[in-house]
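Q: Predicted model follows, preceded by the sequence.
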Amino acid sequence: MIYRNLYMCKILPFVDSPFVKIITGIRRCGKSTILKLIQEKLLERNILPEQILFYRFDSLELEHIRTASDMYREIKAHLFPSAKTYLLLDEVQEVENWEKAVNSLMADFDVDIFVTGSNSRMLSSEISTYLTGRYVSFKIFPLTFSEYLNFRRAYSATEDIKAEFTRFIRYGGFPAIHTHDFTLDEAYTIVRDIYNSTIFTDIVKRNQIRKIDQLERIVKYILDNIGQTFSASSISKYIKSQSRTLDTETIYSYLDKLEKAFIIYRCHRFDIKGKAFLKTQEKFYIADPALKYSVLGYNPNSIATMIENIVFIELSARGYTVHVGKLDDFEIDFIATKPNHKIYIQVTYSINSPVTEEREYNNLLKIKDNYPKFVLRMDDFANSNYKGIYTMHIANFLLSDFF
C-alpha cells in the first residue's frame with residue numbers, strides 16, 4: 001500500500017479521541033486503503049490485533065447485517081473484553097440507520113470508531129441528530145498529482161515531471177489504474193465501471209429514479225461544460241434541444257444527488273469588492289479527469305478546462321475552501337482560503353499574446369491585498385515573477401509548498 005500522508009496526518013491526531021471519524025469520498029478513491037493504513041498505525045502503537053475489528057459492509061460475507069440492530073449485536077459479540085476496541089467500518093452506509101448503532105456502541109462500550117462511505121448521506125441530518133458534536137469528517141479525493149507520482153514510482157517507470165503531468169491529465173487519479181501499466185482503453189474501462197456503479201447504485205437505486213436518461217443527459221452536459229458558469233436554464237435549453245423537457249426544480253434535484261455521490265463539486269462565486277457570496281452563476285468541477293474521458297472520450301481541446309479542474313481538486317484535497325472570484329466585470333479563477341490564509345490563482349493553458357497576458361495578470365493586479373497571487377500555465381516561459389505575481393508551471397505548483 002502507498003502511504004497517503006495528505007489524509008493520514010489529518011486523521012491520526014483523532015485516534016483515541018471521543019469522536020467518530022467519518023471518511024467519505026467517491027467510490028474507489030482509496031477510503032478502504034485509508035482504513036487499512038489506520039489499522040497498520042494502530043498495530044505500530046502496540047494495539048493488539050484482537051482489539052481491532054474490521055468490517056466491510058459491501059461484502060457478501062456481511063450480507064446478513066443490514067439494520068442497526070444487526071450491526072450492534074454483531075459488533076457487541078466481538079468486542080475486546082479488557083481494553084478499548086477499535087472499530088473500522090467500511091462502506092457503512094449499506095446498513096440501514098447505521099448511525100444509531102454507532103451512537104449506541106459509543107455510549108455503551110469503550111470503543112474508537114472509524115467509518116467510511118461513498119455518499120454524503122454520511123453527513124446527513126440523521127447523523128447530526130444521533131452524533132451531534134461527536135464526529136469529525138474527512139473527505140478523500142482520487143490521487144493528487146504528487147500521490148500519482150508516488151504510485152508511478154512504486155509500480156512503474158516515470159518520465160520527467162511535465163510529461164507525467166500530461167499523462168496525469170488523461171489517466172486521472174483513481175488509485176486502481178496506477179497499480180499496473182494499463183493502456184488508456186483499459187484504464188477508461190475501469191473508470192467507466194466506477195462511474196456506472198456510482199450512478200446506478202449511489203444515485204438511481206438509492207433515490208429510486210425512474211427517468212435514468214434524464215439524469216445521464218445532465219451528467220454528460222456537466223462533463224462537457226466543466227468550469228463554465230452554470231444556470232439551470234442552460235441545462236433546460238440543452239435538454240429541450242434534444243426534444244426533451246425538464247423543469248429547473250428537477251435539474252437542481254439531480255445536481256444535488258450528483259454532489260452527494262461526490263461525482264461533481266460546486267464552486268460558488270465570491271464578490272471580492274463587496275465581500276459577499278453570490279447565489280448564481282456558480283461552476284461545477286468533477287472528482288477526476290478520467291470520469292469525463294471515460295464517458296465522452298478524450299478531446300485535446302478540453303485540456304484547458306481539465307487543468308483548471310485538477311487545480312480545484314488539489315486545493316480542495318489540501319483543505320482549502322475554494323471559490324470563483326468576481327471583481328467588477330473581471331473573474332479570478334480561484335480564491336482559496338484557510339483560516340488566516342488566502343491565495344489567488346489564474347489558470348491558463350498558455351499565454352501566446354499580449355491580450356492573454358494582460359487578462360491573466362491584470363485581473364490579479366486589481367486585487368489590493370498582500371496575499372500570494374499565482375498564474376499557472378503549461379507552456380514554456382522565461383520569467384517567474386511579474387509585479388509580485390508568481391508564475392509557475394502547473395505541475396511544479398502542484399508539487400510545491402507555496403500553498
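A: In hand now; what should we look at? Just so it is clear, the model here is predicted, and its values are computed rather than measured.
Q: When you work out contacts or count neighbours from here on, use the C-alpha atoms and nothing else.
A: Fine.
Q: And what about the residue of the chain most remote from its centre, helix, strand or coil?
A: The C-alpha centroid of the chain is most remote from S82, which lies 38.9 Å away (Cα atoms, centre = their mean). Following DSSP: H, G, I helix; E, B strand; the rest coil, the label given to S82 is coil.
Q: Check the one 5 residues further on too.
A: Under three-state DSSP, the three-state class of L87 is strand.
Q: thinking it is in contact with I52, fair?
A: Yes. With contact defined as Cα atoms under 8 Å, L87 reaches I52; the gap is 6.1 Å.
Q: Give the rounded mean pLDDT of stretch 191-199.
A: On average, the pLDDT along stretch 191-199 is 96.
Q: how about it: buried residues?
A: V191, R192, I194, Y195, T198, I199 (16 or more other Cα atoms under 10 Å).
Q: Filter those down to just the ones in helices.
A: V191, R192, I194, Y195 (DSSP state H).
Q: Next one: the first one from E159, what distance?
A: Yep, that's V191 we're talking about. Computed as Cα to Cα, to the nearest Å, the V191 to E159 distance reads 23 Å.
Q: With the second one instead?
A: Shown here: R192 relative to E159, a distance of 27 Å by Cα to Cα.
Q: Repeat that for the last one.
A: Look at Y195 and E159: by Cα to Cα, they are 29 Å apart.
Q: what's the answer for H323, then?
A: H323 is 33 Å from E159, by Cα to Cα.
Q: ok, the two, which is more surrounded?
A: H323 (23 against 12; other Cα atoms under 10 Å).
Q: A helix includes that one, no?
A: No. Counting by three-state DSSP, H323 is located in no helix; its state is strand.
Q: For it, list each beta-bridge partner.
A: With DSSP bridges as the criterion, H323 is bridged to I335.
Q: Now do the contacts for it.
A: Counting by Cα atoms under 8 Å, 6 or more residues apart in numbering, H323 touches C267, H268, R269, F270, F334, I335, A336.
Q: Equivalent analysis for I177, please.
A: Y171, A187, I190.
Q: export those residues to JSON lines and tack on distance to S400 and neighbour count?
A: Formatted as JSON lines, the contacts of I177 follow (distance: Cα to Cα, whole Å; neighbours: other Cα atoms under 10 Å):
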{"residue": "Y171", "distance to S400": "22", "neighbour count": "25"}
{"residue": "A187", "distance to S400": "28", "neighbour count": "21"}
{"residue": "I190", "distance to S400": "30", "neighbour count": "17"}
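Q: tell me which of those residues is nearest to I23?
A: I190 (22.9 Å; Cα to Cα).
Q: Three-state assignment for the nearest residue to the closest one once chain neighbours are set aside, please.
A: Distances taken as Cα to Cα, 6 or more residues apart in numbering put I177 closest to I190, at 7.3 Å, once the chain neighbours are dropped. Secondary structure state of I177, per three-state DSSP, is helix.
Q: cool, and F141?
A: Per three-state DSSP, F141 ends up coil.
Q: Distance of it relative to R217?
A: For F141, the distance to R217 - Cα to Cα - is 25 Å.
Q: With D193 instead?
A: 18 Å.
Q: Check L79 too.
A: From L79 to R217 the distance is 48 Å (Cα to Cα).
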